[in-house]
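K.L.:
Give me coordinates for this.
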Amino acid sequence: MDSFNRRGFLKAGAAVSGAAALWQAAVNAQSATSHATNRRVLPMNRNWLYGGHAVPGCSAPGFDDAKFQRVTVPHSNRIFPWHSFDEKDFQFVSIYRRHFNLTPPPGRRVFVDFAGVMTAATVTINGHKLGEYRGGYTPFSFELTEYIKAGAPNVLAVEVDSTERPDIPPFGENIDYLTFGGIYREVALRIVPPVFIENVFAKPVNVLSSDRTVQVKCLLNGHPSGSMTVKAELRDDARVLAAATGPAFNEPLTLANPGDIELWDLEHPKLYTVVARLYQGNTEVDEYTTRIGFREGRFTPQGFMLNGQHIKLRGLNRHQTFPFVGGAMPARVQRRDALVLKRDLKCNIVRTSHYPQSTHFLDACDEAGLLVFEEIPGWQHIGDQAWQDLAVRNVGEMIHRDWNHPSIILWGVRINESQDNHDFYTRTNALAHELDDSRQTGGVRYLYDTELLEDVMTMNDFGFPLRPPNHPLYLNTEFNGHMFPTKRYDNVDRVMEHALRHARVHNQLASDDRYAGGIGWCAFDYNTHANFGSGDKICYHGVSDIFRIAKPAGQFYRSQCDPKEEIVLEPCFNWSQGDQSEGGGIRHAVIVSNCDHLKIYVKDTLKFEADPDQATYGHLPHPPFVLDLTGEHLEDWGDLRIDGYLNGAKVASKTLPGNDYDRELHVEPDDAELMGDGVDATRVVLRVTNEHGGARPFSTGAIALHIEGPGEIVGENPFSLAGGVGAIWVRSKEAAGTIRLHARHPYLGTKTVEIKVKAAEPEAV
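P.N.:
Sure thing, here's the model as predicted:
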């Protein structure tokens, strides 16, 4: 990170292209103007022109773009089916152009900020080439100041190289995921004074003590004068809890004696605000705002400790991509994945495999109380020296972007599943510790006997039983996954075994405090290359499908929550006479639940009673119920009812019909309201159920979709159900009104849902 001095401050006059700390637009995106009128952040997500394949001269200001497609960003350079497509189709160089008018105040500097472009971006303004940024997962900026034509049309052009270039991590050899292409995260213009606050690291210190403080380090851009000062405040909403003032370009400010502070934890993720202001004499020059949380997270020989309390980590890996558009989903959709992991799957940790992910996702993790292990881009391959230099830069960019997120407890500074490389990983660890000494480092590996330069041994272990920890600080970071890929419509024996394999591993992890816990592979099915997965460009490794709809394995994770949060009672089998191996009706049954006793009825006659399988899964908070019905012959076939009990009281009931059939089509939007900005979107789940609302895992049908109002469908139309479920997304247009989505099943009729669209403010440029 040559742009930064030894204390982590941006060097005066340093080039800002590629500095990850520049993504202040993610902080201020809800308001075009901060409290300091010298700084303005202007979202620039609408009115882009997309021309497909780049051609010579396409970045020139006079190039004819009249026939380009008008698009909003996030944008994918291609739209795909959710499976069975050619992964080469997004691997090309494309052209985006944006016309705008801007008259910045005299003496102000202007930057363009990109939150993420896949995979390399060459940016030109009014014919002046600003440079190429290489990397798809970290933000970057270019200064436009000297090239802006005030009060006249300006043309910003971006040539996006979405090929798998071997000079850019993670590429060079095979990787088991797709990166897709396009300007897939947000863009903004940033207008700032000549000297401004580039970034702020607000580090809580001694959070468990009465003398807790916040050390605030301001990174400045420009040439500050000796009379400049910085004032920092810790706030709880509008209330100022602590403040300090000091010379600009000096040691970090210490915000002392903040009083009673509520700690950030899994159940009460309290967030505070740090505001830093730059002054020239008594005149405020600039302001920067960020959020923090007071928490202490440490891996110890006794496991992971959060605020001094032992927490057994139970989580899943996440890929950031979605069906149809890859990573090009807006804030609402990115944020929802954090809620799915925390609320629906009851995880307490997620690993951002295998790259830094959307800041919107991380913001939602902060707010939900979901811990994060974040890592740099890479998958097994280590390139040449220039490649390694870029990976080291990725470490710095990741940390500078995300160091204030209280949810992040571990920096991943090793290429996933790579071989040892002493010099390379000495550099990545040293940079991580220099920039942020408050967090430990990890480096994910699958080789048991490897050099450990990181603080925590983070190990992928796909066997069972698991290997014993080979280091005092040990976290399992992948298991199952490719060892047992499972579709929701697979044979019921496989579907049940999929759930039990996750249960077995978590049971062993819970049996020994030397395991800090485990992060299963993985949360959601994902698109992959032809030489991985099931031959249709999907790895079916998820406990949920690619649409974020849980399989029975996902219901196992859900069942591990406290019954006070939610009562869970989910059979992992189909009630049918002939779907299990060896025939003869139901021979084995797995039920995941946090109940402590079950009564099972057939045609209202009590047939079985069951307790959790403590003998096999006794270390879990809530062991699954595993019933061996071999020898039982149910002559009188009929409805199966499962009643769940806690402390002798009936608390749940579920009926599986003996004569099951497709009964009802459900159309379920995640959100009832969107912003009419042409960017906002929500998932709409399509589902066929039986008469009791139960799943129909072999149901099919092409759902014909029709949309009215200010919205458009992102997905296939008609949409063919897979395993009785599926989803499309609805994206708003740039107008207010009511979206009506009509979904017609060939046998079950039509359902209509409405989504309100609120008027959005027009973009300022």
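
K.L.:
pull the helix or strand with minimum mean pLDDT from the chain.
P.N.:
Least confident helix or strand of the chain, by mean pLDDT, DSSP states H and E, is helix 25-28 with a mean of 38.

K.L.:
Give me the three-state assignment for Q555.
P.N.:
Following DSSP: H, G, I helix; E, B strand; the rest coil, we place Q555 in the helix state.

K.L.:
count of residues packed around it?
P.N.:
The local packing of Q555 (other Cβ atoms under 10 Å) involves 23 other residues. Where you see a C-beta, it was placed from the backbone N, CA and C, and this is true even at glycine.

K.L.:
before we move on, what about E754?
P.N.:
Applying other Cβ under 10 Å, we find 12 residues neighbouring E754.

K.L.:
and the helix or strand hosting it, which residues are buried?
P.N.:
Assigned by DSSP states H and E, E754 belongs to strand 749-759. For strand 749-759, burial by neighbour count (16 or more other Cβ atoms under 10 Å) applies to K751, V753, I755, V757.

K.L.:
Hmm, the last one is touching D677, no?
P.N.:
So the one you mean is V757. No - taking contacts as Cβ atoms under 8 Å, V757 lies outside contact range of D677: 9.4 Å.

K.L.:
For the two, list the residues in contact with both.
P.N.:
Residues touching both V757 and D677 by Cβ atoms under 8 Å, 6 or more residues apart in numbering: S732.

K.L.:
gap between the strand holding E754 and the chain center?
P.N.:
In terms of Cα atoms, centre = their mean, to the nearest Å, the centre of strand 749-759 is found 27 Å from the chain centre.

K.L.:
Check stretch 476-491 too.
P.N.:
Computed by Cα atoms, centre = their mean, the chain-centroid distance of stretch 476-491 equals 20 Å.

K.L.:
How far does it stretch from one end to the other?
P.N.:
29 Å (Cα to Cα, to the nearest Å).

K.L.:
average pLDDT across it?
P.N.:
What stretch 476-491 shows for mean pLDDT is 95.

K.L.:
What of stretch 217-226?
P.N.:
91.

K.L.:
Straight-line length of it, end to end?
P.N.:
17 Å.

K.L.:
Quick check: which ranges of the stretch 601-750 of the chain have low pLDDT?
P.N.:
Counting by pLDDT under 70, the stretch 601-750 of the chain has low-confidence residues at 630-635.

K.L.:
what's the answer for the chain, then?
P.N.:
Applying pLDDT under 70 to the chain picks out residues 1-37, 583-585, 630-635.

K.L.:
Strands of the stretch 551-700 of the chain, start to end?
P.N.:
Ranges of strands within the stretch 551-700 of the chain are 569-571, 588-593, 597-602, 605-610, 625-628, 640-646, 649-656, 664-669, 673-676, 681-689, based on DSSP state E, counting those that start in this stretch.

K.L.:
So P377: helix, strand or coil?
P.N.:
Per three-state DSSP, the secondary structure class of P377 is coil.

K.L.:
can you tell me how far it sits from T352?
P.N.:
For P377, the distance to T352 equals 10 Å [Cβ to Cβ, to the nearest Å].

K.L.:
and if you look at L390?
P.N.:
In this view, L390 and T352 are 19 Å apart by Cβ to Cβ.

K.L.:
So the two - more neighbours on which side?
P.N.:
T352 (25 against 18).

K.L.:
buried ones in stretch 216-225?
P.N.:
For stretch 216-225, a neighbour-count test (16+ other Cβ under 10 Å) marks V216, K217, C218, L219, L220, N221, G222, P224 as buried.

K.L.:
chain center to that stretch, what's the gap?
P.N.:
How far stretch 216-225 lies from its chain's middle: 31 Å, per Cα atoms, centre = their mean.

K.L.:
what's the first-to-last distance across it?
P.N.:
Termini of stretch 216-225 sit 20 Å apart (Cα to Cα).

K.L.:
Which residue ranges of the stretch 301-450 of the chain form helices?
P.N.:
Ranges of helices within the stretch 301-450 of the chain are 331-339, 359-368, 385-402, 422-435, based on DSSP state H, counting those that start in this stretch.

K.L.:
Distance to I713 added to the ones you listed, as JSON lines?
P.N.:
Formatted as JSON lines, the helices of the stretch 301-450 of the chain follow (distance: least, Cβ to Cβ, whole Å):
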{"stretch": "helix 331-339", "distance to I713": "14"}
{"stretch": "helix 359-368", "distance to I713": "22"}
{"stretch": "helix 385-402", "distance to I713": "33"}
{"stretch": "helix 422-435", "distance to I713": "43"}
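
K.L.:
Which one of those helices lies nearest to V495?
P.N.:
Closest approach to V495 among the helices of the stretch 301-450 of the chain (Cβ to Cβ): helix 331-339, 23.2 Å.

K.L.:
So which elements touch that closest one?
P.N.:
Counting by 3 or more Cβ pairs under 8 Å, 6 or more residues apart in numbering; DSSP states H and E, the packing neighbours recorded for helix 331-339 are helix 359-368, strand 681-689.

K.L.:
List the contacts of G481.
P.N.:
F462, G520, W521, C522, C539, H541.

K.L.:
Work out for me the element the last one sits within.
P.N.:
H541 belongs to no helix or strand when assigned by DSSP H and E.

K.L.:
these two touch, right, it and K487?
P.N.:
No - applying Cβ under 8 Å as the test, H541 and K487 come out as separate, 10.6 Å apart.

K.L.:
Settle it for me: which of those two has more neighbours?
P.N.:
Remark: of H541 and K487, H541 carries more neighbours, 28 against 18, as counted by other Cβ under 10 Å.

K.L.:
which residues touch W264?
P.N.:
So W264 contacts K270, L271, G293, F294, R295, D366, G369, P406 (Cβ under 8 Å, 6+ apart).

K.L.:
E296 too?
P.N.:
Neighbour list for E296: V207, L208, M305, L306, N307, G308 [criterion: Cβ under 8 Å, 6+ apart].
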